[in-house]
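Trainee: Turn this into a model:
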Amino acid sequence: QVQLVESGGGLVQPGGSLRLSCAASGSILSINAMGWYRQAPGKQRELVARIFSDGRTNYGDSVKGRFNISRDNAKNTVYLQMNSLKAEDTAVYYCNADEVVAGSRRYPETWGRGTLVTVSS
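Mentor: Residues are numbered from 1 along each chain as shown. Have a look, this model is predicted:
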């Protein structure tokens, strides 16, 4: 079974920075894409950023130029560096792994439990 464990959330002042990490475990052979989504109260879950195994990246429009996603394939870990944080970035951030091959099984999509990021003075 594949598990994703997020860390790094917390409270930060507007304009500040945070770094989220997400480690995948479970006899993993390959992961197509890893990424971050977020969900604010009363809103739908939205893409923040994702990175493919070949290094290609996608970003949500609201975070372009402020957030940076990176990945350590050897560690099956994805990072999200968040800079110039705004109050509207407040949300639960969920890690996602797409097309994971682990052991003899393929997992189309796996989600972490989420980590809360609060941007407030």
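Trainee: use CA for all of it now, contacts and neighbours both
Mentor: Will do.
Trainee: Could you list every helix and strand in contact with the worst-scoring helix or strand of the chain on mean pLDDT?
Mentor: Here the helix or strand of the chain ranked lowest by mean pLDDT, DSSP states H and E is strand 105-111, holding a mean of 93. With contacts taken as 3 or more C-alpha pairs under 8 Å, 6 or more residues apart in numbering; DSSP states H and E, strand 105-111 sits against strand 3-7, strand 91-102.
Trainee: rerun at 6 Å
Mentor: strand 91-102 (3 or more C-alpha pairs under 6 Å, 6 or more residues apart in numbering; DSSP states H and E).
Trainee: Mind listing the strands the strand it packs on pairs with, and their directions?
Mentor: strand 28-39 (antiparallel), strand 105-111 (antiparallel), strand 115-119 (antiparallel) (DSSP bridges).
Trainee: Now do it against strand 3-7, angle only.
Mentor: Interaxial angle of strand 91-102 relative to strand 3-7 (axes from the mean of the first three to the mean of the last three C-alpha atoms, to 10 degrees): 150 degrees.
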